[in-house]
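Q: predicted coordinates and the sequence they were generated for:
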Amino acid sequence: MSEALPADAPSLTTLDLSDFHAGPQRRDAFLTDLLEVLYQQGFLYLTRHGVDQVLIDQVLAASKRFFALPLDDKLQIEMVRSPHFRGYNRAGLELTRGQQDWREQLDINTEAAPYPVGPDTPAWRRLQGPNLWPDAMPELRPVLLAYQAEVTRVGIELLKAIAVALGQPENAFAEIYEPGPSQLMKIIRYPGRDVAETDQGVGAHRDGGFVTVLLQDTTPGLRVQADDGSWIAAPPVPGTFVINAGELLELATNGLVRAAIHDVVAPPAGNERFSVAFFLGSRPDAVVPVMPLSDDLKQAERGLSVDPLNPIFREVGQNQLKSRLRSHPDVAAAHYADVLDLIERPAGG
Ligand SMILES: O=C(O)CCC(=O)C(=O)O
Ligand SMILES: [Fe+2]
């Protein structure tokens, strides 16, 4: 079934987002292909997404300038200073399944004032707050926020398309993104194997939210795990984003959409790799809707039977906080000492 492909051959399907707004024939074909590819791979390349190439080039250039700043300028906004998990992390600080990831990154999310915290406010409300921006590079903020708004639009368009492809009204997922979704975004630099202590750029994982919109610069490294366990390279293709589904979208579609495992292999010695990952997630206080499936679609179900009363659908904010506490133990120790039992409890406890 699966033939060996040259390591760098793009082997994911490419879809054209402008087809979603085209006449009924193109639109229907797009929706059929979208569902098929999300069912089979959970990953695709998206072209004609409407994000201006000038803005994309500005984001990549600004990201390279940021990582090239002196370490002190980057440490001025180190994440450990932010109770909202915003800011810069050096390579080797973030963990995936307990193993170090060899990438440095700047995390932002929705720019907002901190949530007013009272004695009964749930801890996950503390995730809301301002981003940290480097004094040394005032132009970073407007470029990244403009790009964040654009990829949010792309992610929401995809959720509308997925809803329609599942025979639902276009706004069936509106509960999770209105008035505003979670907009976690990372600019990332993967140093080469001369710096990285292992080849783990980022370890094998599934994304947690709904839809990821990934921009890659020119160095390959991203791999997607297929059903049979083999790894498929997803190298950069100019003009495209890589789109993948997260775990909440898998659950909300009764397993029809696949949240595939993927990783990034550290680049060879002397090389570096840049990417910008945007994770469209649910508003933290939403109840995630589960799409009812038609009889034909039910036949394609993967046997996942989703219980809408499952806490994951009701406690989105709590799950977002747990995932951040696990990935960033230094921030957890500095700002969440009062709720560390959230993650220290054995799984399922
Ligand atoms: O950098 C990449 O290409 C992918 C990053 C990724 O999978 C993630 O941050 O979740
Ligand atoms: Fe990922």
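A: Yes, it's here. Ligands and ions are numbered 1, 2, ... in the order given.
Q: name the residues of the helix or strand harbouring Phe66 that are buried.
A: If you go by DSSP states H and E, Phe66 is part of helix 53-67. For helix 53-67, the neighbour count (16 or more other CB atoms under 10 Å) marks Ile56, Gln58, Val59, Leu60, Ala62, Ser63, Phe66, Phe67 as buried. C-beta: built from backbone N, CA, C; applies to glycine.
Q: give me the mean pLDDT for that helix.
A: Helix 53-67 comes out with an average pLDDT of 98.
Q: whether it contacts ligand 1 - can you check?
A: No - Helix 53-67 is not in contact with ligand 1 by CB under 6 Å from any ligand atom; minimum separation 11.6 Å.
Q: same question for the helix or strand that comes right after that helix, mean pLDDT?
A: Once helix 53-67 ends, the next helix or strand along the chain (criterion: DSSP H and E) is helix 71-75. For helix 71-75, mean pLDDT is 98.
Q: elements contacting the very next helix or strand once past helix 71-75?
A: Moving toward the C-terminus from helix 71-75, the next helix or strand (DSSP H and E) is strand 87-89. Counting contacts by 3 or more CB pairs under 8 Å, 6 or more residues apart in numbering; DSSP states H and E, strand 87-89 is packed against strand 104-108.
Q: ok, for Gly239, nearest residue in space, not its chain neighbours?
A: Leaving aside its chain neighbours, Gly239 sits nearest to Thr47 (5.9 Å; criterion: CB to CB, 6 or more residues apart in numbering).
Q: quick one: neighbours of that neighbour, just the number.
A: Thr47 has 16 neighbours, counted by other CB atoms under 10 Å.
Q: for it, phi and psi?
A: phi -120, psi 170 (degrees, to the nearest 10).
Q: and it, how far from ligand 1?
A: 18 Å (CB to the nearest ligand atom, to the nearest Å).
Q: before we move on, back to that, I'd like to know which elements the helix holding Phe66 is packed against.
A: Helices and strands touching helix 53-67, by 3+ CB pairs under 8 Å, 6+ apart, are helix 140-165, strand 182-191, strand 211-216, strand 272-281.
Q: ok, the closest residue to Ala163 other than its chain neighbours to Pro292 distance?
A: The shortest distance from Ala163 to any non-neighbouring residue, by CB to CB, 6+ apart, is to Ala172 (3.9 Å). Separation of Ala172 from Pro292 (CB to CB, to the nearest Å) stands at 9 Å.
Q: comparing these two, which residue is more hemmed in?
A: More neighbours surround Ala172 than the other of Ala172 and Pro292, with 19 against 12 (other CB under 10 Å).
Q: let's verify the more buried one: helix, strand, or coil?
A: coil (DSSP: H, G, I helix; E, B strand; the rest coil).
Q: need the residues of this structure near ligand 1, please.
A: Counting by CB under 6 Å from any ligand atom, the chain sits next to ligand 1 at Lys186, Ile188, Val202, Asp207, Leu214, Gln216, Leu222, His262, Val264, Ser275, Ala277.
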